[in-house]
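Q: could you look at this predicted model? Sequence included:
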Amino acid sequence: MNPPLMPDEWRTNWHLVANLDQLAADDTVDATVAGIRLKIAYEESALIARSDERTYPVMVVDDEIFVLLSDEPD
């Protein structure tokens, strides 16, 4: 049985920004994706990605940190 396919919009909107090993070495990881400067860190035991304007949803898959970039504010 094959796992379900990732929706097409996820392929275009989720961006790989870091690896969990990078976050373990430092308290935060800085990344720039699509011209947006992000700071990835744990806040209150949750992983977050924050820019100067807003916070973005985060997903971890196989020790890789992905951030969802979209036009809709959270």
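A: Yep, that arrived. Quantities reported herein were computed from a predicted structural model and do not represent experimental measurements. Residues are numbered from 1 along each chain as shown.

Q: show me the residue sitting in the middle of this structure in space.
A: residue 67 (2.3 Å; C-alpha atoms, centre = their mean).

Q: for it, give me phi and psi.
A: phi -120, psi 140 (degrees, to the nearest 10).

Q: residues touching it, list them.
A: By C-beta atoms under 8 Å, 6 or more residues apart in numbering, residue 67 lies in contact with 14-15, 17, 31, 33, 38, 40, 49, 56-59. All C-beta spots, glycine's among them, are computed from the backbone N, C-alpha and C.

Q: quick one: buried ones out of those?
A: Among those, those buried by neighbour count (16 or more other C-beta atoms under 10 Å) are 14-15, 17, 31, 33, 38, 40, 49, 56, 58.

Q: restricted to helices, list those residues.
A: Taking DSSP state H, every one of the buried ones among the contacts of residue 67 sits outside helices.

Q: tabulate those residues (a markdown table), appending distance to residue 24 and pLDDT.
A: Formatted as a markdown table, the buried ones among the contacts of residue 67 follow (distance: C-beta to C-beta, whole Å; pLDDT from 0 to 100):
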| residue | distance to residue 24 | pLDDT |
| --- | --- | --- |
| 14 | 22 | 85 |
| 15 | 21 | 89 |
| 17 | 15 | 92 |
| 31 | 16 | 93 |
| 33 | 21 | 89 |
| 38 | 18 | 95 |
| 40 | 12 | 94 |
| 49 | 17 | 94 |
| 56 | 21 | 93 |
| 58 | 15 | 92 |
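
Q: thanks a lot, catch you later.
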